[in-house]
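>>> sequence and computational prediction follow.
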Amino acid sequence: MSETPFHPLDHTWPDQPADRGTLGGRPVLDCVTGAVDDSGEILLGPAIPVRRGAEGWEWLVVHVTASPLPVGEEVDLEVDREHRTALSAGHTACHLAALALNAVLADRWRKEARPDSLGNPDFDQAAITSSRIEPHGSVDVYRLGKSLRKKGFSAENLDPAQVAAQVNELLAGWVAADAPVHVQVPGPELTARRTWHCSLPDGEASIPCGGTHLTRTSELGRVSVVLTLDDAALTMRTTVSMC
């Protein structure tokens, strides 16, 4: 089995960008998920017609370089640690912000909703349309349309600034708690279903996630969110200010 330290862009849910670094001294221009079908053809990223782990497909990490490497040559693979750390901080903060948002919006549900791992109605999973991890931050977009209202969520008189203030208060406490973070990995294969865990004062939080993360909440330094509401879409911008 081949191994790589590089995190590729996931074609199914492309939230965390690919790692940067070098392969055999050559800059890695991109790192993407690849899949091989019965014909032996390697398909990349959006060209893959099935979800990751689909039966009958072989999955691999594809490193894109400006020039090819000689077949059979032994090379070193080196990940840009600074960039990886920045993305890991953004991803850890993204999960914490989502859980905090769920908690703050919990009293807006008029029907029973599927709970998150802390027991609050999972607004994040019910409403999210896109998520993008950035160095030291993330941007998440939620739709507040008819389908969410039918599920029992009320966005009436929602004040983004007030909600953000409550979310930030929760986040400050979680960061100060120095809670341990880890990713549970059931197997070495690319298709293994990984789960993010964080032992928060409010309980053991867990979210399915194949990204990279920090090891403790205190490493984040400070996490803050800004919420904006526009045309039935709630956008949450999360920023990390590491010490």
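Yes, it's here. Not measured: the values here are computed from a predicted model. Numbering: from 1, shown residues only.
>>> looking at the chain, which helix is longest?
Looking across the chain with DSSP state H, the single longest helix is helix 81-104.
>>> and the helix or strand following that one, which residues are buried?
With elements assigned by DSSP states H and E, the helix or strand that comes after helix 81-104 is helix 123-127. By 16 or more other C-beta atoms under 10 Å, the buried positions in helix 123-127 come out as Phe123, Asp124, Ala126, Ala127. C-beta: built from backbone N, CA, C; applies to glycine.
>>> wait, doesn't Leu148 sit right on Thr129?
No - when contacts are counted by C-beta atoms under 8 Å, Leu148 is not listed as touching Thr129 (10.7 Å).
>>> higher neighbour count, these two?
Leu148 (18 against 10; other C-beta atoms under 10 Å).
>>> three-state assignment of that one?
helix (DSSP: H, G, I helix; E, B strand; the rest coil).
>>> for it, what are its contacts?
Ala126, Ala127, Ala155 (C-beta atoms under 8 Å, 6 or more residues apart in numbering).
>>> name the nearest residue to the last one, ignoring sequence neighbours.
Spelled out, that is Ala155. Counting by C-beta to C-beta, 6 or more residues apart in numbering, Ala155 lies nearest to Leu144, which is 4.4 Å off, once chain neighbours are set aside.
>>> how many residues are close by the one you found?
18.
>>> go on, Ser154?
Neighbour number of Ser154 under other C-beta under 10 Å is 14.
>>> same question, the one 5 residues further on
Applying the criterion other C-beta under 10 Å, we find 10 residues in the vicinity of Asp159.
>>> per-residue pLDDT, it?
Per-residue pLDDT puts Asp159 at 97.
>>> please apply the same query to Gly56.
So Gly56 comes in at 87 (pLDDT).
>>> surely it touches Asp37?
Yes - counting by C-beta under 8 Å, Gly56 touches Asp37, with 7.2 Å between them.
>>> out of these two, which sits in the busier spot?
Of the pair Gly56 and Asp37, Asp37 is the one with more neighbours under other C-beta under 10 Å, namely 15 against 8.
>>> phi first, then psi, for that one.
phi -90, psi -170 (degrees, to the nearest 10).
>>> average pLDDT for the longest strand anywhere in the chain?
Using DSSP state E, we find that the single longest strand of the chain is strand 26-36. The pLDDT scores in strand 26-36 average 94.
>>> quick one: contacts of the next helix or strand along the chain from that strand?
Next helix or strand after strand 26-36 toward the C-terminus (DSSP H and E): strand 42-44. Contact with strand 42-44 is made by His11, Val32, Thr33, Gly34, Ala35, Val36, Asp37, Pro49, Leu60, Val62, as judged by C-beta under 8 Å, 6+ apart.
>>> which of these count as buried?
His11, Val32, Thr33, Gly34, Ala35, Val62.
>>> does the fifth one touch Val62 like I think?
I take that to be Ala35. No - taking contacts as C-beta under 8 Å, Ala35 lies outside contact range of Val62: 9.5 Å.
>>> on that earlier part again, can you give me how far the longest strand of the chain is from the chain middle?
Remark: strand 26-36 is offset 19 Å from the chain centroid, using C-alpha atoms, centre = their mean, to the nearest Å.
>>> just the residues contacting that strand, thanks.
So strand 26-36 is contacted by 6-11, 18-22, 42-45, 48, 50, 52, 57-67, 69, 190 (C-beta under 8 Å, 6+ apart).
>>> now swap in stretch 162-178 and tell me
93, 96-97, 100-101, 103-105, 200-202, 216-218, 220-227.
>>> ok, now with 7 Å
96-97, 100-101, 103-105, 200-201, 216-218, 220, 222-227 (C-beta atoms under 7 Å, 6 or more residues apart in numbering).
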